[in-house]
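> have a look; sequence and predicted model below, questions after that.
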Amino acid sequence: MGLFGVLLGLALLMWLAYRGWSILLVSPIAALIVAMFSEEPLLAHWTQTFMPGAARFVAQWFPLFLLGGLFGKFMGDSGSVSAIAQYLTRKLGASHTMLAVVAASAIVTYGGVSVFVAFFVLAPLAHEMFRAANLPRRLIPAAVGLGAFTFTMSVMPGTPSVNNAIPMPYFGTTTFAAPGLSLIASAIIIVFGMWWLGRAEAAARKAGEGYAGEAVTAPVVNEMVREQAAPAGDFDPAELQHGKPAESGPPFVLAILPIVVVIVTNFLMALVVFPRLDFSYLSEPRWGGITIGAVSGVWSVLVALALANLTVMLINFRRLPSVRETLDAGANSAAMPMLMIASLVGFGAVVAAVPAFALVRDAVFSVQGGPLVSLALSMNVLAALTGTASGGMAIVLNAFGADFMRLATDYHIDPELMHRITTMSAGTLDALPHNGTVLLLLQISGLTHRESYLDMVMTVIVSCIIALAAVLVLGSIFGSF
């Protein structure tokens, strides 16, 4: 009965979340169902298991959500994201519209801008660009998705996304884990994705299919999609329409400068500065008895985002109509997604605490192929079921992180390879039709699953699966590099 309770709780969580119910409400209910079928004390699991699990996630990741939300809002309200997209469009020309959209999406998200902010700003611009080039607008989500939430979310070394940060405390790594494999995987995703988009564009032109329809100039996010999207990202979609945007953006050089600050500072902190400083005091009980390896990756991203926020605010201080409103909206944007993912982690903590979890553990580690395959499979399954890469990743690592690290030691697997397999695996099947990021992008683009999802499958799922398979093979043969 215990295992049935786990499956029932997970099924209820999936179904109600897909129907737009708040994860904040659904997660504890699903957790209590798991406890009830395991004949465990309900209130004890709610207050002593669920809440501590959720609280640990908030305590660990609130600074990153906060600074990331502020940066995304500053870049959006200042017009910097639009300025970067418009510059690339002018330079590449209408004949390379598809490339311009992918490149703009990739640059801003690799530089730390939330994918939701990128969607909100870039989707209307993409509609204008596609209409000018007479390209089918149904391809817009596939192009934006390829640039915004594939290689820049989980694969590229140094990307400051939450998805790339979550494995760091478990494996003692940084965002630059396995840089060689990461670059190879990124190249595979880009090449395959652009090939598919080019193929789709050529087929559309041959069939005489053009833009057709009115451009979306004022995207709107309804409450149900907000509830579905929030746990899949790091920015509350409701805050996209709060704050006061600038009337005009900065020049391209100033627009991209904060992104350069994020990338360079993150690199220097993680690989140059922190390794040379004495952090022996962290071994004291008052600091948790840890080593710098457990926090250097997170600290590097925090310093990078803090400096980038200061940079974009100083550059655009006179341009922004209300710095205070932008600050408020950016800070508020962190609350809902962080608490929703924390609630999912709380649910996972209850599942991991019931006796039936031993059966789940045995199933995970009995998979043929070794630790890397077990890790990849478990990440894919949880990300697919929960519809969120970060939530699925956090659940798996909270439950099995220490076990996977022990297996990495036993099998002489570099923790950097474990990190990269983790992020890539969580970022593949999380983009199924019920995923909040997919739903938000389609709504902001004014399109439907029927119109656009097949092309999205190819650019954001199939491309990532091919890259993951390549990294599994290369990592198994050559190790991490």
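Ah, there it is. This structure is a prediction, so every number in the text was calculated from the model and none was measured. Numbers count the residues shown, from 1 in each chain.
> residues in contact with the lowest-mean-pLDDT helix or strand in the chain?
Sorting the helices and strands of the chain by mean pLDDT, DSSP states H and E puts helix 223-229 at the bottom, at a mean of 84. Outside helix 223-229, the residues that touch it by Cβ atoms under 8 Å, 6 or more residues apart in numbering are 17-18, 20-23, 116, 221, 236-238, 387, 434, 436-437, 439-440, 443. Every residue, glycine included, has its C-beta placed from N, CA and C.
> in terms of secondary structure, what does the helix or strand just after that helix contact?
Next helix or strand after helix 223-229 toward the C-terminus (DSSP states H and E): helix 252-268. If contacts are counted by 3 or more Cβ pairs under 8 Å, 6 or more residues apart in numbering; DSSP states H and E, helix 252-268 sits against helix 51-77, helix 80-92, helix 97-110, helix 296-315.
> and helix 252-268, how far from the chain's centre?
From the chain centre to the centre of helix 252-268 is a distance of 20 Å (Cα atoms, centre = their mean, to the nearest Å).
> may I see the buried residues of that helix?
For helix 252-268, burial by neighbour count (16 or more other Cβ atoms under 10 Å) applies to 252, 254-259, 261-263, 265-267.
> with stretch 56-63 instead?
Those would be 56-57, 60-61, 63, for stretch 56-63 by 16+ other Cβ under 10 Å.
> so which residues make contact with that stretch?
162, 165-166, 169, 298, 302, 334, 338-339, 341-342, 345-346, 394.
> so which of those is the most crowded?
residue 341 (32 neighbours; other Cβ atoms under 10 Å).
> ok, and the closest non-adjacent residue to it?
Counting by Cβ to Cβ, 6 or more residues apart in numbering, residue 341 lies nearest to residue 391, which is 4.9 Å off, once chain neighbours are set aside.
> per-residue pLDDT, the one you found?
As predicted, residue 391 sits at a pLDDT of 91.
> with residue 274 instead?
96.
> tell me who's in contact with the residue nearest to it when sequence neighbours are not counted.
Residue nearest to residue 274 in three dimensions, not counting chain neighbours: residue 296, with 4.5 Å by Cβ to Cβ, 6+ apart. Contact analysis of residue 296 by Cβ under 8 Å, 6+ apart lists 174, 269-270, 274-275.
> gap between the residue most central in space within the chain and residue 156?
Nearest to the mean C-alpha position of the chain, by Cα atoms, centre = their mean, lies residue 163 at 4.7 Å. Residue 163 sits at a distance of 11 Å from residue 156 (criterion: Cβ to Cβ, to the nearest Å).
> residue 321 - nearest residue in space that isn't next to it in sequence?
Excluding its sequence neighbours, the residue lying closest to residue 321 (Cβ to Cβ, 6+ apart) is residue 244, at 4.0 Å.
> how much space between that neighbour and residue 251?
The value you get for residue 244 to residue 251, if Cβ to Cβ is used, is 21 Å.
> more neighbours, these two?
Between residue 244 and residue 251, counting by other Cβ under 10 Å, residue 244 is the more crowded of the two (14 against 11).
> that older thread, would a markdown table of the contacts of stretch 56-63 with pLDDT be doable?
Below are the contacts of stretch 56-63 laid out as a markdown table (pLDDT from 0 to 100):
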| residue | pLDDT |
| --- | --- |
| 162 | 94 |
| 165 | 96 |
| 166 | 96 |
| 169 | 94 |
| 298 | 96 |
| 302 | 97 |
| 334 | 95 |
| 338 | 96 |
| 339 | 95 |
| 341 | 95 |
| 342 | 96 |
| 345 | 95 |
| 346 | 96 |
| 394 | 93 |
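> next step: these restricted to helices.
Secondary structure from DSSP state H places 162, 165, 169, 298, 302, 338-339, 341-342, 345-346, 394 of these in helices.
> and which of the contacts of residue 296 is nearest to residue 204?
Among those, residue 174 lies closest to residue 204 (Cβ to Cβ), at 42.1 Å.
> and that closest one, helix, strand or coil?
Taking DSSP: H, G, I helix; E, B strand; the rest coil as the rule, one finds residue 174 in the coil state.
> that one and residue 299 touch, don't they?
No. Counting by Cβ atoms under 8 Å, residue 174 sits too far from residue 299 to count as a contact (9.8 Å).
> possible to save the buried residues of helix 252-268 as a markdown table with distance to residue 211?
Output for the buried residues of helix 252-268, formatted as a markdown table (distance: Cβ to Cβ, whole Å):
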| residue | distance to residue 211 |
| --- | --- |
| 252 | 26 |
| 254 | 32 |
| 255 | 27 |
| 256 | 29 |
| 257 | 34 |
| 258 | 33 |
| 259 | 30 |
| 261 | 37 |
| 262 | 34 |
| 263 | 35 |
| 265 | 41 |
| 266 | 39 |
| 267 | 41 |
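> among the contacts of stretch 56-63, which two are most distant?
302 and 346 (24.0 Å).
> residue 385 touches residue 10, doesn't it?
Yes. Judged on Cβ under 8 Å, residue 385 makes contact with residue 10 at a distance of 6.2 Å.
> got a list of what residue 384 touches?
Residue 384 touches 392, 429-430, 432, counting by Cβ under 8 Å, 6+ apart.
> any idea which helix or strand carries it?
Using DSSP H and E, residue 384 sits in helix 371-386.
> buried set for that helix?
371-372, 374-376, 378-380, 382-386.
> so for it, mean pLDDT?
pLDDT averaged over helix 371-386 gives 93.
> any idea how far it is from the chain center?
16 Å.
> who's in contact with residue 171?
Counted by Cβ under 8 Å, 6+ apart, residue 171 has contacts 177, 401, 405, 408, 415-416, 418-419, 422.
> what do you get if the cut-off is 10 Å, keeping everything else the same?
177, 293-294, 297, 397, 401, 404-405, 408, 414-420, 422 (Cβ atoms under 10 Å, 6 or more residues apart in numbering).
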